[in-house]
Structures are given as C-alpha cells and as structure tokens.
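> I'll drop the sequence and a predicted model, then ask my questions.
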Amino acid sequence: MLYSLITFFLYACNNQRKQAEQASSTMDSTVAFFPVTSFLKGQLMALDSLPITVLRIVTIKGKSDSFWIKKENVLPLLQDFFTQEINTTNLTAFFKESKFNDEGVDAITFTYEPKSSLPDSISLKHWDVYVKLQTGKVKRVYMVRQVKQGAELFTLQLTWVTDKWAKIVTILKKPSGESELIKVEQFVWGF
C-alpha cells in the first residue's frame, strides 16, 4: 500500500512537471513584439496636447534651414513610418526579436531583424526599441525602411527620442552600390 502511494505520488509530480514544461515551451514560442506604431501614435497625441510649436530643421547638402510648424503638420511628415503597422503579433512571421542589456546607452535594446528575405509589400527592414533600465520606459525607437521611387531606392531612417524629438534621414542607394545622403529632417518639441 505504501509502495503504491509513493509510486502514485511520483507519477503525479512527474506528470505536473511535464505539463509545466509544455506550457513554458508554448509560452516561449508565442512571441509578442513591442507595439511600436501604437507607442509612436501615443507620442503624437501627447505632442498634440502640449502648448508648443514644433521646430523643424531640414538639412540638404550640408545647408540647414529651420522653421516653426504647427503640431498637426508633424504626422503627415512622418506618415511613411506609419504605413507598416508594428503591433504585438502582425510581423512575428517575418521578423525575429533579440534583446540585450546595453550598458553603453543604459537601456535594454530590443532588436528586430528579418528572419529571411521579406516580401515586397514590407518596406520595413529593421527596428530597435531602447527601454531605460531604471524606469522601464521607452527611451528611443529607431526604424529603417526602404522605398523605391521609380528606378531609385531610398533608405529612410527614423530616430525617435521619447518626449523630445524625431529625425528622419533619407539616403539614396545608387546602382553602383554607393550611398548619398539626400536629406535630414528633425522635429524638436522637447526644449
């Protein structure tokens, strides 16, 4: 009788351990990405509530010009980065996530890179999310897109520093393999 109880107990414990391992492996295979698009839209809503005007600085061929723009004019200028929705699950089939504690920037960096070649419908090529270690808040978002306009291929890089500024760098990829910096646009609202 005692032997039967011990055997039953060991079987039950072993079975529970196997179920826990299966649940853990199922949770690990369900990857959820940081919802970048929702975060950036939230940042734009927060910007819209501020009693300020946005400073736009445009640099072309080393010459800069700056001027004030209305807050509602910022979204159309950043619209290229909102065409491909990044939410928790929609791109998990195409991108993989890696993360590391980057003490150089005092943040945990979440990096998203393609698993393999991407379909033409996805212009997004890479993005990073930097989360501050002490607060757990997003510190910075960096995104890279490639768009074709006619025969020309452009790389657009967005750097978004939370509650402060956003910058778009436009680079032309020449057929020779060289790159040319076309334009840098910065939008500043966190003075």
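Thanks, I have it.

> can you report how many residues neighbour the closest residue to Leu181 other than its chain neighbours?
Closest residue in space to Leu181, ignoring its immediate chain neighbours: Ile171 at 5.8 Å, by C-beta to C-beta, 6 or more residues apart in numbering. To be clear about C-beta, it is placed using only N, CA and C from the backbone, and glycine gets the same treatment. Counted by other C-beta atoms under 10 Å, the residues lying close to Ile171 total 18.

> now do Ile171 against Val184, distance only.
Per C-beta to C-beta, to the nearest Å, Ile171 is found 10 Å from Val184.

> please name the residues that touch the nearest residue to Ala107 once chain neighbours are set aside.
Spatial nearest neighbour of Ala107, excluding adjacent residues (C-beta to C-beta, 6+ apart): Tyr130 at 4.1 Å. Each residue near Tyr130 by C-beta atoms under 8 Å, 6 or more residues apart in numbering is listed here: Asp102, Val105, Ala107, Ile108, Thr109, Phe110, Val138, Lys139, Arg140, Val141, Tyr142.

> at 7 Å instead, please
By C-beta atoms under 7 Å, 6 or more residues apart in numbering, the residues touching Tyr130 are Val105, Ala107, Thr109, Lys139, Arg140.

> count the residues that sit near Phe82.
Per other C-beta under 10 Å, the neighbour tally for Phe82 reads 14.
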